[in-house]
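K.L.:
Quick one, fold the following:
(one chain, ligands or ions: 1)
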Amino acid sequence: PSESETEKAIVEAAKHYPRANVAEDFQYGTAGFRMKDDLLDYIVFIVGIVATLRSRKVQGQTIGIMITASHNKYQDNGVKVVDTQGEMLEQSFEHVATQLANVHTPQDLGTTYASVLKKLNIPATTKKAHVIFARDTRPSGLRLVKALKAGLEAAGAEYIDYGVLTTPQLHYLVKATNTESGRNPFGEVSEEGYYKKLAKNFVAAMEDAKPIGSVTVDCANGVGAPKLKQLLKHLPPPEKSGLRIRIVNDQIEKPEALNEGCGADFVKTQQTTPAGFNGKAYDRWASFDGDADRIIYYFNEEGPVFRMLDGDRIATLTASFIGELLQKAGLAEKVKVSVIQTAYANGASTRYIEQGLKLKSEFTDTGVKHLHHAALRADIGVYFEANGHGTVLFSPHATKKIFLSEPQSPAQLEALNILRALTDLINQAVGDALSDLLLTEVILAHKGFTVKEWLATYTDMPSRLGKVNVLDRRSYTTVPGSAERKLASPQYMQEKIDEIVAKYKDGRSFVRASGTEDAVRIYGEAAESFDVDNMVEKVMETIMAYSAQGVAQR
Ligand code: G16
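P.N.:
Numbering: from 1, shown residues only. Next up, the predicted model:
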């Protein structure tokens, strides 16, 4: 079809997916569009068009679309676009998505589409567009897929529906598809290929190590449950010195159970064990979120006293392990490890990285896309958000050194072999709970660490996360370049926060608008835990006084 025929097809198709009648502008945020599922049909339709344009812009390479609201409630849903190498959508296209999502009539959509097309400078001859997509277990996903297909068909994309997958599996498939016929294929282009790649490299990385005890995984009653079960079929069984992995919260047939009182976000924000927890003191537990791109660990001490091993802990554990391997392999001078964190990172973890591990640390805004870009600049970039979202990126320079170095001793060979396995065990496309679970287990086994020893590497500052549900979150903006640690607006709000914080020993607190919920998030840490509660409470009160509709979620 000609460009004008495509435009007409889009206008016609849009008549079946009218934009939800809300005054508020939709915005492509931290993780794409996210909202109540009944507002999303038009948005998902639009995202089909955006992904098609993106694919045409990159000469028909495959673009991914994931329908998920991850850690949010089951009534929510969302949609995000995955770029050619499995990374988050290129920023200029986020603007295209936001622009098209805020057009109110099919006719206007036609004209806006035409002007966007012109601006994107896509040659009329590049017609080919390839898109693949998947969804999580939310029941609304199936309905939204219809809207998505309508958008893709109207815009003229060829597509493959991969059904229900974890978000990182879709990222894997996008990268695998686009590298399939290149020099470095990422892996077989199938869900099966994903499991095979993880399992093979897990076995290789575990060759000289024995797992300690077992791990129990809370799958948040989401897609992580059936996918982890699939993965287990590819791993050696516990009786053959494999790792024993127990699964809880796997009720995907009960949609309302998703993330309810369980999952990584619940455990992290509430600092408590999830529903279904029956661990004894020092048993090792982990929680995924609703689309299995986050993982955190935790356990109870006698008491019981809850102990969290969050994204900061996985980052420090991983960075120290990779650092030790590089040392053993004789590569420490040639390949440097950096750790990338966000403002939510516990101050003690940053001090441990810089002073204990003597590694470089860097800060970015919240959102995997920001961390990922920073990690790309490092030789080996370990990035994790405190909430458990993260991975490790090996630069071409580091990969070359790891694969081409000639070992001078059996010890060097062993270190190199583990490093080689890690480069493929780790899902370098994106943070991945399944891959991060296996990575963490490999490290604990090699270091001979129980959860107690892992926790003992450094002592966290007492910290607290708060949230105030507000209707005006957009009035909270942060100073560019401050890694979201300073508010630019509302006026005088930062001064008020500074005044509060100054009263507490080693106090630190920041406020930022969530990109995934109608809420303002508050983080605080201080030398004493009674201080931190008091301080965060005061900051929350200040927010509520300003945002009159604010409701605190304690
Ligand atoms: C998404 C993003 C994460 C971010 C989280 C919370 O995670 O991918 O990078 O940390 O939202 O973001 P915010 O504080 O802006 O609401 P997920 O797991 O929900 O996709």
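
K.L.:
Quick one: find the helix or strand in the protein with the lowest mean pLDDT.
P.N.:
For the chain, scoring each helix and strand by mean pLDDT, DSSP states H and E identifies strand 551-553 as the least confident one, at a mean of 58.

K.L.:
Residue ranges of each domain in the protein, please.
P.N.:
Taking automatic domain parsing as the criterion, the chain consists of the domains 3-164, 195-307, 311-455, 463-553.

K.L.:
what would those look like in a markdown table with mean neighbour count?
P.N.:
For glycine as for every other residue, the C-beta is placed from the backbone atoms N, C-alpha and C. Rendered in a markdown table, the data for the domains of the chain read as follows (neighbours: other CB atoms under 10 Å):
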| stretch | mean neighbour count |
| --- | --- |
| domain 3-164 | 20 |
| domain 195-307 | 20 |
| domain 311-455 | 21 |
| domain 463-553 | 18 |
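
K.L.:
can you put those domains in CSV and add distance to residue 184?
P.N.:
Shown next, in CSV, are the domains of the chain (distance: least, CB to CB, whole Å):
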stretch, distance to residue 184
domain 3-164, 11
domain 195-307, 13
domain 311-455, 9
domain 463-553, 33
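
K.L.:
Any idea which of those domains has the lowest pLDDT on average?
P.N.:
Across these, domain 463-553 has the smallest mean pLDDT, namely a mean of 91.

K.L.:
could you measure the residue of the stretch 51-200 of the chain found nearest the ligand against residue 393, distance?
P.N.:
Per CB to the nearest ligand atom, residue 70 is where the stretch 51-200 of the chain lies closest to the ligand, at 3.4 Å. In this structure, residue 70 and residue 393 are separated by 21 Å, where distance is defined by CB to CB, to the nearest Å.

K.L.:
Is the one helix or strand residue 97 maps to positioned near the ligand?
P.N.:
When secondary structure is defined by DSSP states H and E, residue 97 falls within helix 91-101. No - in terms of CB under 6 Å from any ligand atom, no part of helix 91-101 sits within range of the ligand; the closest distance is 13.4 Å.

K.L.:
what's downstream of that helix, the next helix or strand?
P.N.:
Beyond helix 91-101 in the direction of the C-terminus, DSSP H and E gives the next helix or strand as helix 106-120.

K.L.:
Before we go further, residue 306 is sitting in a strand, right?
P.N.:
Yes - the assignment for residue 306 (DSSP: H, G, I helix; E, B strand; the rest coil) places it in a strand.

K.L.:
so it bridges to which residues?
P.N.:
residue 300 (DSSP bridges).

K.L.:
what's near enough to touch residue 306?
P.N.:
The contact partners of residue 306, by CB atoms under 8 Å, 6 or more residues apart in numbering, come to 271, 272, 273, 298, 300.

K.L.:
Disregarding residues adjacent in the polypeptide, which is nearest to residue 337?
P.N.:
Leaving aside its chain neighbours, residue 337 sits nearest to residue 380 (4.7 Å; criterion: CB to CB, 6 or more residues apart in numbering).

K.L.:
can you list the residues of the stretch 351-500 of the chain near the ligand?
P.N.:
Neighbours of the ligand within the stretch 351-500 of the chain, by CB under 6 Å from any ligand atom: 366, 367, 368, 385, 387, 389.

K.L.:
and the residues you listed, which two are the farthest apart?
P.N.:
Among these, the pair separated by the greatest distance (CB to CB) is 367 and 387, at 11.2 Å.

K.L.:
gap between the residue nearest to residue 337 and residue 56?
P.N.:
Here the distance between residue 380 and residue 56 works out to 35 Å (CB to CB).

K.L.:
related to what we said a few turns ago, please narrow the contacts of residue 306 to those residing in strands.
P.N.:
Secondary structure assignment (DSSP state E) places 298, 300 from the contacts of residue 306 within strands.

K.L.:
List just the nearest of the contacts of residue 306 to residue 435.
P.N.:
Of all those, the one sitting nearest residue 435 is residue 298; the distance, using CB to CB, is 19.3 Å.

K.L.:
The residue lying closest to the closest one once chain neighbours are set aside: how many residues sit nearby?
P.N.:
Distance criterion CB to CB, 6+ apart; nearest residue to residue 298, sequence neighbours excluded, is residue 308 at 4.8 Å. As a burial measure, residue 308 scores 19 neighbours (other CB atoms under 10 Å).

K.L.:
if we can go back for a sec, for the residues of the stretch 351-500 of the chain next to the ligand, please prepare a markdown table with the additional fields secondary structure.
P.N.:
Formatted as a markdown table, the entries for those read as follows, by three-state DSSP:
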| residue | secondary structure |
| --- | --- |
| 366 | coil |
| 367 | coil |
| 368 | helix |
| 385 | coil |
| 387 | coil |
| 389 | strand |
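
K.L.:
Turn those residues into JSON lines, columns for distance to residue 104.
P.N.:
Compiled in JSON lines, these are given as follows (distance: CB to CB, whole Å):
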{"residue": "366", "distance to residue 104": "30"}
{"residue": "367", "distance to residue 104": "28"}
{"residue": "368", "distance to residue 104": "31"}
{"residue": "385", "distance to residue 104": "35"}
{"residue": "387", "distance to residue 104": "35"}
{"residue": "389", "distance to residue 104": "34"}
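
K.L.:
Just give me the closest of those to residue 354.
P.N.:
Lowest distance from residue 354 to those (CB to CB) belongs to residue 385, with 18.4 Å.

K.L.:
surely that closest one meets residue 368?
P.N.:
Yes - under the criterion of CB atoms under 8 Å, residue 385 makes contact with residue 368 at 7.3 Å.

K.L.:
The stretch 351-500 of the chain: helices as residue ranges?
P.N.:
Listed in chain order, the helices of the stretch 351-500 of the chain (DSSP state H, counting those that start in this stretch) span 368-376, 396-404, 410-425, 433-447, 451-455, 493-501.

K.L.:
Stretch 263-272 vs the ligand: in contact?
P.N.:
No - using CB under 6 Å from any ligand atom, stretch 263-272 never reaches the ligand; the gap is at least 7.2 Å.

K.L.:
Name the residue closest to the centre of this protein, please.
P.N.:
The centroid of the chain falls nearest to residue 389 when counting by CA atoms, centre = their mean (4.3 Å).

K.L.:
Report all helices and strands that whichever strand or helix holds residue 531 contacts.
P.N.:
When secondary structure is defined using DSSP H and E, the element that contains residue 531 is helix 529-546. With contacts defined as 3 or more CB pairs under 8 Å, 6 or more residues apart in numbering; DSSP states H and E, the packing partners of helix 529-546 are strand 463-469, helix 493-501, strand 508-513, strand 519-525, strand 551-553.

K.L.:
and that helix with strand 463-469, angle?
P.N.:
20 degrees (axes from the mean of the first three to the mean of the last three CA atoms, to 10 degrees).

K.L.:
How far off centre is helix 529-546?
P.N.:
Taking CA atoms, centre = their mean, to the nearest Å, one finds helix 529-546 lying 28 Å from the centre of the chain it belongs to.
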